[in-house]
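In: Generate coordinates for the sequence data below:
(one chain, ligands or ions: 1)
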Amino acid sequence: MNTKLLNGNQLAIEIRKEISKEIEKNILNKKKRVPHLGIILTGNNRSSMTYVNSKIKECQNIGIKSSLIHLPVGCIEKKLLEEINKMNQNPLIDGFIVQLPLEKHINQDKIILSIDPNKDVDGFHPENFGKMALNIKSFFPATALGILTLLERNQIKIPGKHTVVIGRSRIVGRPISILMSRRSNSGNSTVTLTHSHTPNIEDYTKQADIIIVAVGIPKFLKGRMIKKGSIVIDVGINSAKNEKKILGDVDFYSVYGKASYLTPVPGGVGPMTRVMLLKNTLIAALNRKDEKN
Ligand code: GUN
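Out: Alright, predicted model coming up:
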């Protein structure tokens, strides 16, 4: 079978242009200040530092201002809560994120709950997450939004399809399973959410029209686990041992030729995630109450 690769890099360029135009039309031309994203990074997790650097570069390239607060390894929860409170109160910050994962001694739920839902451009706060589940307008988590956009813009119809999601994280698996099953043109899918306690995952994946793999295990999904013609979305970003290469959660070479569509790693979901954070930041800036500055 001829497998079509879903090019996230190319689509992200298109969407960046759309965001730039929107910033010019609805913000700069109206003499409002440029959107401003805050980022709070804790500790020295190398992957997190790389992701945060690329988020900052994305902002620079598109004309979104960004401010980084980097708290050191072992920083106490109280200090992080103080920084979050400053971002919540700062009228010049339109939206902000706290990069995950956090160090073990910090209570992640408490941190996420302390973010002002109106500035929660990650869409992780329970208020936004709950609204998403109820199909009420809110910030949607960037990776899930990126996957939906990648499917939609490649004219891949979701309604009526059986989607199998592998992984139930709050960042990807859970939100994408909610979004794809909701009543919407980019939803209306029958969704099966599988995870580490699902026996014989291949019994599910073999029946799927769309498979979204977000387990964090390199080459987890093999060609023999899918049906011919299925659409495979690889969310994995795993560093290969002793190599600079990034490996996806999909065993690319056994799935290529059997799937109808497949996202490459890198260059598939990753760039879409980054551009969707910009989009959420733009939305936060457009929602701004202080119209005069
Ligand atoms: N860590 C991995 N992905 C994400 C994300 O989308 N947002 C935040 N805040 N942390 C992450």
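In: Could you pull up the residues touching whatever residue of the stretch 51-200 of the chain ends up closest to the ligand?
Out: Going by C-beta to the nearest ligand atom, the ligand is nearest to L100 of the stretch 51-200 of the chain, at 3.7 Å. Where you see a C-beta, it was placed from the backbone N, CA and C, and this is true even at glycine. By C-beta atoms under 8 Å, 6 or more residues apart in numbering, the residues touching L100 are S48, Q108, I171.
In: Report the buried residues of stretch 280-287.
Out: Buried residues in stretch 280-287, counted by 16 or more other C-beta atoms under 10 Å: N280, T281, L282, I283, A284, A285.
In: SS state for the most centrally placed residue in the chain?
Out: For the chain, the residue nearest the mean C-alpha position is T143 (1.8 Å; C-alpha atoms, centre = their mean). Assigned by DSSP: H, G, I helix; E, B strand; the rest coil, the conformation of T143 is helix.
In: V191 too?
Out: Quick answer, by three-state DSSP: V191 is strand.
In: Was I right to think D120 contacts A142?
Out: No - applying C-beta atoms under 8 Å as the test, D120 and A142 come out as separate, 11.6 Å apart.
In: Nearest to the ligand among the buried residues of stretch 280-287?
Out: Closest approach to the ligand among the buried residues of stretch 280-287 (C-beta to the nearest ligand atom): N280, at 10.2 Å.
In: any idea how far the closest one lies from D122?
Out: 8 Å (C-beta to C-beta, to the nearest Å).
In: Are there residues contacting both of these two? Which ones?
Out: Contacts common to N280 and D122, judged by C-beta under 8 Å, 6+ apart, are F139, A142.
In: so which strand or helix has the residue of the stretch 51-200 of the chain closest to the ligand?
Out: Under the criterion of DSSP states H and E, L100 resides outside all helices and strands.
In: okay, how far is it across stretch 27-46, tip to tip?
Out: 35 Å (C-alpha to C-alpha, to the nearest Å).
In: buried residues in that stretch?
Out: Those would be I27, K32, P35, H36, L37, G38, I39, I40, L41, T42, G43, N45, for stretch 27-46 by 16+ other C-beta under 10 Å.
In: among the residues you listed, which are in strands?
Out: Among the buried residues of stretch 27-46, DSSP state E puts H36, L37, G38, I39, I40, L41, T42 in strands.
In: from the residues you listed, which single one is nearest L179?
Out: Comparing these against L179 with C-beta to C-beta places L37 closest, at 22.5 Å.
In: List the buried residues in stretch 242-251.
Out: I246, L247, G248, D249, V250, D251.
In: For the fifth one, give the beta-bridge partners.
Out: Per DSSP bridges, residues listed as beta-bridge partners of V250: L221.
In: ok, now the first one?
Out: Here I246 sits in beta bridges with S239, as judged by DSSP bridges.
In: Then V191?
Out: As for beta bridges, V191 partners with T163 under DSSP bridges.
In: isn't it right next to R174, touching?
Out: No - contact criterion C-beta under 8 Å: V191 and R174 do not qualify, at 10.8 Å.
In: Dump the buried residues of stretch 27-46 to TSV, plus pLDDT and distance to the ligand.
Out: TSV is the format used below for these (pLDDT from 0 to 100; distance: C-beta to the nearest ligand atom, whole Å):
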residue	pLDDT	distance to the ligand
I27	96	24
K32	95	26
P35	98	17
H36	98	17
L37	98	11
G38	98	11
I39	98	8
I40	98	9
L41	98	9
T42	98	11
G43	97	12
N45	95	9
